[in-house]
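Enquirer: A predicted structure for the sequence below; I have some questions about it.
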Amino acid sequence: MTRLLLIFALVASLTSFANEKKVSPAALAYFNHSFKQATEVEWSVGDHFYKANFVLNSQHLTAFFSGDGEFLAVTRNISPLQLPVNLQTSLKKQQEGLWITSLFEVASETGTTYYITLEDADVKLVYTSSHSSWNLYQRLAKS
């Protein structure tokens, strides 16, 4: 019986390994070149993208790549104090009576964008940055 369980476990692990999608060589090459000092790297493979979660300079980052292995962006959670000053000032106007539940930075080859989620008891607002101001991206009513 033990031998049968061992064989079943081996076959199951080989089957899941064979069905696993591998990370694109282009994504791996870009990642290894651009994030040489990265540690704790964990890859996820989706239907149309690759995602690498990792630590670099004591920061937790996530890099995204297209299905072809092309670099799309890198993200990191930040504090409001890490925002550019003009966005901090603009945020004060948006934030009245709301609290911050999420704030992250998206850096790509075309520039850097920030996303912030503000909430109160009734509503959840997601804003995206545009130069020196915030634009409403999504409004969700809480039930």
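Expert: On my side now, so go ahead.
Enquirer: in the host helix or strand of Leu61, which residues are buried?
Expert: For Leu61, the host element (DSSP states H and E) is strand 59-66. Across strand 59-66, burial judged by 16 or more other CB atoms under 10 Å covers Leu61, Thr62, Ala63, Phe64, Phe65. For the C-beta atoms, the positions are set from N, CA and C on the backbone; glycine is no exception.
Enquirer: run me through the strand neighbours of that strand, direction for each.
Expert: strand 49-56 (antiparallel), strand 71-77 (antiparallel) (DSSP bridges).
Enquirer: after the last one, which helix or strand is next?
Expert: Next in sequence after strand 71-77, counting helices and strands by DSSP H and E, comes helix 85-95.
Enquirer: other residues contacting that next one?
Expert: 80-81, 83, 114, 116, 118, 125, 127, 129, 131-134 (CB atoms under 8 Å, 6 or more residues apart in numbering).
Enquirer: over to stretch 119-136?
Expert: 84, 86-87, 90-91, 94, 97-99, 101, 113-118, 137-142.
Enquirer: among these, which ones are buried?
Expert: Leu87, Ser90, Leu91, Tyr114, Tyr115, Ile116, Thr117, Leu118.
Enquirer: could you identify the most distant pair in those?
Expert: Ser90 and Thr117 (15.8 Å; CB to CB).
Enquirer: distance of Asp122 relative to Ser143?
Expert: 10 Å (CB to CB, to the nearest Å).
Enquirer: in terms of neighbours, single out the busier of those two.
Expert: Comparing Asp122 with Ser143 by other CB atoms under 10 Å, the one with more neighbours is Asp122, at 8 against 4.
Enquirer: just the pLDDT for that one.
Expert: Looking at Asp122, its pLDDT is 92.
Enquirer: over to Ile7?
Expert: 40.
Enquirer: what is the burial count for Asp68?
Expert: With other CB under 10 Å as criterion, Asp68 counts 11.
Enquirer: typed the wrong thing, it's Phe31
Expert: 23.
Enquirer: in what helix or strand does it lie?
Expert: Assigned by DSSP H and E, Phe31 falls in helix 25-34.
Enquirer: pull up the pairing partners for the next helix-or-strand element following that helix, direction included.
Expert: Per DSSP H and E, helix 25-34 leads on to strand 39-45 as the next helix or strand towards the C-terminus. In the sheet, strand 39-45 lines up against strand 49-56 (antiparallel) (DSSP bridges).
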